[in-house]
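[1] structure for this input, please:
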Amino acid sequence: PQVRTMCERLMWLRIGAQARISSRGAASRLGVLWRMWAKCGMATRQDTFSGAGGLGKVFCGAVMLFVGCNKPPLSVSSTAPESAVVGFENQESHESRAVALALVDYDGLMARVALQRGKIVVLDCWSTACPPCVKEFPQLVARQKKWGDAVVCLSLSFDYEGVGTPEDVVPRVQGFLESVKATHIINLLTRIDADTLYGQLDLVSVPAVYVWGPDGTLAQRFDEDDAAKRLGRSFTYDDVEAVVLSLLAWKNHK
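    Numbering: from 1, shown residues only. Model (predicted):
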């Protein structure tokens, strides 16, 4: 009972501190620790948390944070892996509303990007629990209209924390997407728990934006750690647009 109470309190503390953890300039390993405590609290509500085992997972996760790992550059081959493309037609999709929302894992995400080869691809990684993400998302919608068909815009929600099913968070995610009229964006929701996808993308926290060139090579990745080192400030969609316009100019003069 004491462990349950502690985790529930930490979950509420996490909700109150989410704006600070996810805020511009604050993305760090602390964000991952907070996600762990949040998951601990949600698991408690579904009776999947046991004192020693659950705390052990959190401890091991904390150790992994400080060990770290190096990932290769995120690029896309000319043809998507067969395992990622097979069954694409049957992939879960929620299209009952004006905004379509598809569930994907890492391979499915990379397959979606690879299918757009020849065009510039912009991927916005976000969550409804991230105030800066919610604030900036309308910029993606506006820029997509401005850039036109030469640029394909995708959004990837990290709302699914691994407790329950991805379908449980669909109404919340889809409701937000409808509120900002994201009808011309390819909207995706992770079907695996957010922490796993964070690791596969070598990403600490949202918000983050990836830009791929027409040849499928990652042209630029924007996240708060990178922006602090490279720009000395938080990134904005003006920074994203500068990369997109340079790629468009290169493509038009190629």
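[2] going by C-alpha atoms from here, please, whenever you check contacts or count neighbours.
    Will do.
[3] for the protein, what spans make up the helices?
    For the chain, the helices defined by DSSP state H occupy 2-22, 29-45, 51-67, 82-85, 106-114, 131-147, 170-179, 194-200, 224-230, 237-252.
[4] need the least confident one among these, by mean pLDDT.
    Among those, helix 82-85 has the lowest mean pLDDT, at a mean of 34.
[5] for residue 104, list each beta-bridge partner.
    Taking DSSP bridges as the rule, residue 104 bridges to residue 190.
[6] what pLDDT does it get?
    Residue 104 is assigned a predicted lDDT (pLDDT) of 98.
[7] and it, what does it touch?
    The contact partners of residue 104, by Cα atoms under 8 Å, 6 or more residues apart in numbering, come to 91, 188, 189, 190, 191, 192.
[8] out of those, which is most surrounded?
    Tallying neighbours with other Cα atoms under 10 Å puts residue 189 at the head of those, with 28 neighbours.
[9] wait, doesn't it sit right on residue 159?
    Yes - taking contacts as Cα atoms under 8 Å, residue 189 lies within contact range of residue 159: 7.5 Å.
[10] got a list of contacts for stretch 175-186?
    Contacts to stretch 175-186, defined as Cα under 8 Å, 6+ apart, come from residues 98-101, 128, 137-138, 141, 144, 152-155.
[11] JSON lines for these, including neighbour count and distance to residue 114?
    Listed next are those as JSON lines, based on neighbours: other Cα atoms under 10 Å; distance: Cα to Cα, whole Å:
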{"residue": "98", "neighbour count": "14", "distance to residue 114": "25"}
{"residue": "99", "neighbour count": "20", "distance to residue 114": "22"}
{"residue": "100", "neighbour count": "19", "distance to residue 114": "20"}
{"residue": "101", "neighbour count": "25", "distance to residue 114": "19"}
{"residue": "128", "neighbour count": "17", "distance to residue 114": "26"}
{"residue": "137", "neighbour count": "21", "distance to residue 114": "23"}
{"residue": "138", "neighbour count": "16", "distance to residue 114": "25"}
{"residue": "141", "neighbour count": "20", "distance to residue 114": "21"}
{"residue": "144", "neighbour count": "20", "distance to residue 114": "19"}
{"residue": "152", "neighbour count": "21", "distance to residue 114": "11"}
{"residue": "153", "neighbour count": "24", "distance to residue 114": "13"}
{"residue": "154", "neighbour count": "24", "distance to residue 114": "12"}
{"residue": "155", "neighbour count": "23", "distance to residue 114": "15"}
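[12] which of the residues you listed sit farthest apart?
    For the contacts of stretch 175-186, the farthest-apart pair by Cα to Cα is 128 and 152; their separation is 22.0 Å.
[13] okay, the contacts of residue 104 in JSON lines with distance to residue 225 and pLDDT next?
    Shown next, in JSON lines, are the contacts of residue 104 (distance: Cα to Cα, whole Å; pLDDT from 0 to 100):
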{"residue": "91", "distance to residue 225": "33", "pLDDT": "40"}
{"residue": "188", "distance to residue 225": "24", "pLDDT": "98"}
{"residue": "189", "distance to residue 225": "23", "pLDDT": "98"}
{"residue": "190", "distance to residue 225": "22", "pLDDT": "98"}
{"residue": "191", "distance to residue 225": "26", "pLDDT": "97"}
{"residue": "192", "distance to residue 225": "24", "pLDDT": "97"}
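[14] wait, which of the residues you listed is closest to residue 246?
    Using Cα to Cα, residue 188 comes nearest to residue 246 of the contacts of residue 104, at 26.3 Å.
[15] which pLDDT value goes with the closest residue to residue 212 other than its chain neighbours?
    Computed as Cα to Cα, 6 or more residues apart in numbering, the closest residue to residue 212 that is not its neighbour in sequence is residue 218, at 4.3 Å. Looking at residue 218, its pLDDT reads 97.
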